[in-house]
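Asker: coords please:
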Amino acid sequence: MNIRLRRSVLGLTALVVAASGLAGAGPGSASATSTVPPYEPDPGSIGALTFYDASGSVVTGGSINDAPFAAYVQAGTPGRTGDTKATLFGYLPKSGVPTGAFSGEQLTASTTYPNPSAPAALKASPLPLVSLTSADETLATLISDFPNTATDAYQGLYQLRLKTSGVGQAAGVAYDSADIQVTGSTWTLVYSAAPASTYTPLTPCRIFDTRTGSGNCFGAATTSPGAIGAGGKLSVQVAGVGGVPANATAVVLNLTAVGATASTFVTAWPDGTTQPTVSSLNVAGPAATPNLAVVPIGKGGVVDFFNKAGTVDLIADVSGYYSSDATGSLYTATGPCRVFDTRSAGLCTGAPTLTPGKIPAGGTLAVKVTGAGGVPTTATAVVLNLTAVGATKPTFITAWPSGATQPTVSNLNVNNASPIPNLAIVPVGAGGVVNFFNNAGAVHLIGDVAGYFSPSTGARYTTTGPCRVFDSRIGSGICSGAAAFAAGPIAGSGVLKVKVAGVGGVSSTATAVVLNLTAVGATNPTFVTAWADGTAQPTVSNLNVNNAAAIPNLAIVPVGADGSIDLFNNSGSVNLIGDVAGYFAP
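Answerer: Below you'll find the model as predicted:
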């Protein structure tokens, strides 16, 4: 690696940058666009960079001639013990050159952090912070010193890296990073690396409910009650609420739409980044419609929600979060297989024996999940695709760990007798048992296990968007690297094979991918099954479809040896859409 020290800065803290030893954790994630630079994920990056103006607002673009181009640049991960200074560098990516060998130069002086003169949210943070001044190098100078003459996918790209140092301690080899795209005299943030994260389950609670203007989680903010209008956006504080810490990278939310006045969709994304062109929840009418979402957390710990058409009330219940904490749990895919089915028996090895029959109104079903389908006794949470069938009344299902107080939230809303699914990540309770409560009428319930979290072994999670990996209506996706295929609905008993590794920032080492699956235009009631290519098709469903309306369900799908997944449609024909939210990798 060739590093040029910044010529215009005097009295810098000594920074020693080695040409080797840049290995580190931290695959990346697209945050401002679905375009992923070809050298990402960068193995040397351990976290994201966020750019702020003088008032503390996030900056995602501007002029290369601005001096400075941002007032502050903050790392997403803590500095080493003893480090007190942060410095920003700029690098020129080149095709065929590993990230550790990129050429670049120092852009700023080494500035002390925390900075008591920074805006309130930044000065209170212990994360490394570079405070820029007009004396620091402009991006125009970086570009002049290292012209980007590429005509391929590297064209216009530069990588910015923040490194920390301390008294008697040179700069470390690991760094937080972000990629910018330069077009003419304008720069735009296109990619920001994110640390691979562990999962921590929480006692489910309601972060917000637009019908009441608040939630029941500790720390939930209060706003004016009212539905979200067409084209409207709701910004909600999630960090610091219901046990979600300030260093959380993503939050697991069960979103429920109620009282929609028109067919619409809801998009959830991290505040301070560009709104993605995907949906998190599709809504066909006023009945309660749920979907689980794993949403990256944005500026100031805030998540944004957009409603496309009509008006709709929105509810969000938190069940856990991802963070860089070493104390969190890791994910292991298992199955998928059927742990229980109140109509008959489960199909997983070790599935518990239950007395067949619907769960009555006000009734609770206790199911031992550890020891079934490969779920160990050390599991802290289990990933279950819940499906309700044959409901005699509109109702809701709540899942929670045995031995804990039943939460006042829902995991699955049921409007009629047709099958309706929703993914749930449920903490495992005393004796390895999970409880399921039915509010009204009587209903059959099915639980298919997709995997589990445990503290000892497994994979970490990395956010990647979201972006669209595939859409059978157009025969492709909009993620970087999305493969083309023959456009058209999947026929009855048909299988669609889709490449996911290397698409939209998903690592080639991914063991499972988090996809929001949406079925559109079904000609018959059907179900869809997703599984790892090259393995036997499981006898479970990921998405139940009752009519032609768009219906979503989140799925955590194992990735096959060639980086692909398979999707099976049982009957009729149906179009399928897959939006990737992230992936798990060792």
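
Asker: Let me see the ranges of the helices in the stretch 51-200 of the chain.
Answerer: 120-123, 139-145 (DSSP state H, counting those that start in this stretch).

Asker: Of the ones you listed, which is nearest residue 470?
Answerer: Closest to residue 470 of the helices of the stretch 51-200 of the chain is helix 139-145 (CB to CB; 35.5 Å). In this view, the C-beta of every residue, glycine as well, is placed from N, C-alpha and C.

Asker: re earlier: give me whichever of the helices of the stretch 51-200 of the chain is most buried.
Answerer: helix 139-145 (a mean of 19; mean count of other CB atoms under 10 Å).

Asker: so how far is that one from its chain's centroid?
Answerer: 34 Å (CA atoms, centre = their mean, to the nearest Å).

Asker: Residues in contact with it: which ones?
Answerer: 4, 64-66, 69, 90, 104-105, 107, 158, 180, 182, 185, 187 (CB atoms under 8 Å, 6 or more residues apart in numbering).

Asker: Now that helix: average pLDDT?
Answerer: Averaged over helix 139-145, pLDDT sits at 97.

Asker: before we move on, what about stretch 423-442?
Answerer: 97.

Asker: Ok, stretch 250-270 next?
Answerer: Stretch 250-270 comes out with an average pLDDT of 96.

Asker: Could you tell me the end-to-end distance of that stretch?
Answerer: End-to-end distance for stretch 250-270, by CA to CA, to the nearest Å: 9 Å.

Asker: and the two most separated of the contacts of helix 139-145?
Answerer: Maximum distance among the contacts of helix 139-145 (CB to CB): 22.5 Å, for 4 and 185.

Asker: re the thing from before, please identify the one among the helices of the stretch 51-200 of the chain that comes closest to residue 267.
Answerer: Among these, helix 120-123 sits nearest to residue 267 (CB to CB), with 25.0 Å.

Asker: What lies in contact with the closest one?
Answerer: When contacts are defined by CB under 8 Å, 6+ apart, helix 120-123 is touched by residues 52, 56, 72, 74, 114, 115, 116, 117, 129, 300.

Asker: Quick one: closest of the helices of the stretch 51-200 of the chain to residue 223.
Answerer: Using CB to CB, the nearest of the helices of the stretch 51-200 of the chain to residue 223 is helix 120-123, at 19.7 Å.

Asker: List the contacts of the residue lying closest to residue 115 once chain neighbours are set aside.
Answerer: Excluding its sequence neighbours, the residue lying closest to residue 115 (CB to CB, 6 or more residues apart in numbering) is residue 131, at 5.1 Å. By CB under 8 Å, 6+ apart, residue 131 lies in contact with 71, 72, 111, 113, 115, 117, 118.

Asker: Domains of the chain: list them as residue ranges, please.
Answerer: What automatic domain parsing lists as the domains of the chain is 3-193, 196-328, 330-454, 459-586.

Asker: By mean pLDDT, show me the worst of those domains.
Answerer: Across the domains of the chain, domain 3-193 gives the lowest mean pLDDT, at a mean of 80.

Asker: Show the residue spans covered by the strands in the stretch 151-300 of the chain.
Answerer: 157-165, 175-183, 186-193, 198-209, 233-237, 248-258, 264-270, 281-283, 289-296 (DSSP state E, counting those that start in this stretch).

Asker: What of the stretch 1-150 of the chain?
Answerer: Counting by DSSP E, counting those that start in this stretch, the strands of the stretch 1-150 of the chain are 3-4, 28-29, 45-52, 58-59, 61-63, 72-75, 85-92, 103-106, 111-112, 129-131.

Asker: Can you say which of those is nearest to residue 154?
Answerer: So among the strands of the stretch 1-150 of the chain, strand 85-92 is nearest, using CB to CB, at 8.8 Å.

Asker: Just the buried residues of that closest one, please?
Answerer: 85, 86, 87, 88, 89, 90, 91, 92 (16 or more other CB atoms under 10 Å).

Asker: follow-up on the earlier one: residue 461: which of the strands of the stretch 1-150 of the chain is closest?
Answerer: strand 28-29 (10.1 Å).

Asker: contacting residues for residue 529?
Answerer: Shown in contact with residue 529 (CB under 8 Å, 6+ apart): 537, 538, 540, 541, 542, 567, 568, 570.

Asker: What helix or strand is the spatially closest residue to the fourth one that is not a sequence neighbour located in?
Answerer: So the one you mean is residue 541. Excluding the flanking residues, the one nearest residue 541 by CB to CB, 6+ apart is residue 527, at 3.9 Å. Residue 527 is part of strand 526-532 when elements are defined by DSSP states H and E.

Asker: tally of neighbours for residue 357?
Answerer: If you count neighbours by other CB atoms under 10 Å, residue 357 ends up with 12.

Asker: same question, residue 476
Answerer: For residue 476, using other CB under 10 Å, the count is 16.

Asker: From residue 227, how far off is the nearest residue to it once chain neighbours are set aside?
Answerer: Once flanking residues are discounted, residue 476 sits nearest to residue 484: 4.7 Å by CB to CB, 6+ apart. Between residue 484 and residue 227 the distance is 39 Å, computed by CB to CB, to the nearest Å.

Asker: the more surrounded of those two?
Answerer: Remark: of residue 484 and residue 227, residue 227 carries more neighbours, 19 against 10, as counted by other CB under 10 Å.

Asker: shouldn't the more buried one be in contact with residue 313?
Answerer: Yes - between residue 227 and residue 313 there is a contact under CB atoms under 8 Å: 4.8 Å.
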